[in-house]
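1. Return atomic coordinates for the entry below.
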Amino acid sequence: MAWFKREKKGIITSTEDKKEAPDGIWNKCPNCKKPLHYAEQVENKYVCHYCGYHLRIGSKEYFSILFDNNQFTELFNNLRSGDPLQFEDTKKYTDRLKESYAKTGLNDAIRSAHGKIGDQELVIACMDFNFIGGSMGSVVGEKIARSITYCIDNKIPFLMISKSGGARMMEAAFSLMQMAKTSAMLALLSRAKIPYISLLTDPTTGGVTASYAMLGDITISEPGALIGFAGPRVIKETIKKDLPKGFQTAEFVLEHGFLDFIVDRREMKTKLASFLTMMKN
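-> Predicted coordinates for the structure are as follows:
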């Protein structure tokens, strides 16, 4: 019978005849390992529709999710880091910066923009982990400071989206100074009675956690985000004890009183609009 016979015609004999899916259309959920289609990711706000895992995204995606109709005006986009220490380890800092510019299309690890959420004006400063691990250098601190000044001058609430490995070691003390600088600017924002919402995403660590990330009038996080100062391995080696289950996850941090809410990314825009209305009233 015909279906027991193998005909040469129609059999692919060369890999040249195979059609591959274009890069970027499919990827795998880091948590449940199931395949995710890019269009479905965008529709579901980059959250796995199988297990609810929140994929890591950058400022471009957050702006598209939060700002009404993805309409916004970017602020202070011309700032780039210098090399005050002429830092060189395995690679020159200037070379590392050039590679990051080419790879990400960004000028540093943060973007700031002014737009509307639910017809309410808001300035958002969002960190990008793909730019040298979202590290906090002098440009990150300066853009946050200028964004806060812009909010004070125009009476607009401020949202900070943190995603960082901590201070940028190539700038040493210049980086650490940004902790004090940004904290002082937030004090001025508070004195002006302008709302500040801090959103912690995966990961938020180091000097960022020790400064502006934890100073919000409302401090929220996405589910499952890693939040801490030193890493779990360093802490375990220091105290010589096993750490509790789920240590440094958003859920653990919330349970111990360091967060106000955990908000699913698919509900984030609605929640933020609600917070803004409540705080303005």
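
2. What segments of this protein are strands?
-> 26-28, 35-37, 72-75, 110-117, 120-127, 158-164, 196-204, 218-221, 261-262 (DSSP state E).

3. ok, the last one: who's next to it in the sheet?
-> Strands flanking strand 261-262 in the sheet, each with its direction: strand 218-221 (parallel) (DSSP bridges).

4. OK, contacts around the closest residue to residue 165 other than its chain neighbours?
-> For residue 165, ignoring the flanking residues on the chain, the nearest one in space by Cβ to Cβ, 6 or more residues apart in numbering is residue 133 at 3.8 Å. Every C-beta, even on glycine, is put in place using the N, C-alpha and C of the backbone. Contact partners of residue 133, counting by Cβ atoms under 8 Å, 6 or more residues apart in numbering, are 109, 164-165.

5. Let's have these in JSON lines, adding pLDDT.
-> Shown next, in JSON lines, are those (pLDDT from 0 to 100):
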{"residue": "109", "pLDDT": "98"}
{"residue": "164", "pLDDT": "97"}
{"residue": "165", "pLDDT": "93"}
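
6. ok, the residues you listed vs residue 149, which is closest?
-> Taking Cβ to Cβ as the measure, residue 149 lies nearest residue 109 of those, at 19.8 Å.

7. Tell me who's in contact with the closest residue to that closest one other than its chain neighbours.
-> In space, and not counting its chain neighbours, residue 109 is closest to residue 131: 4.1 Å by Cβ to Cβ, 6+ apart. Shown in contact with residue 131 (Cβ under 8 Å, 6+ apart): 100, 104, 106, 108-109.

8. Between those residues, identify the one with the most neighbours.
-> Neighbour count (other Cβ atoms under 10 Å) singles out residue 109 as the most crowded of the contacts of residue 131, with 29 neighbours.

9. doesn't residue 166 make contact with that one?
-> No: using Cβ atoms under 8 Å as the test, residue 109 is too far from residue 166 to be in contact (11.2 Å).

10. Make TSV out of the contacts of residue 131 and add distance to residue 118.
-> Converted to TSV, those look like this (distance: Cβ to Cβ, whole Å):
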residue	distance to residue 118
100	34
104	30
106	27
108	29
109	28
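
11. Mind checking which of these land in helices?
-> 100, 104 (DSSP state H).

12. just the helices in the stretch 151-281 of the chain please.
-> Ranges of helices within the stretch 151-281 of the chain are 172-191, 206-209, 232-239, 250-255, 268-280, based on DSSP state H, counting those that start in this stretch.

13. Quick one, which of those helices gets closest to residue 44.
-> Among these, helix 268-280 sits nearest to residue 44 (Cβ to Cβ), with 12.7 Å.

14. Show me what that closest one is packed up against.
-> Under the contact criterion of 3 or more Cβ pairs under 8 Å, 6 or more residues apart in numbering; DSSP states H and E, helix 268-280 touches helix 59-66, strand 110-117, strand 120-127, strand 196-204, strand 218-221.

15. For residue 34, find the nearest of these.
-> Closest among the helices and strands packed on helix 268-280, once you apply Cβ to Cβ, is strand 196-204, at 18.9 Å.

16. Any chance you could list what contacts the closest one?
-> 54, 56, 129, 157-165, 186, 189-190, 209, 212-222, 224-228, 250, 259, 268, 272, 275-276.
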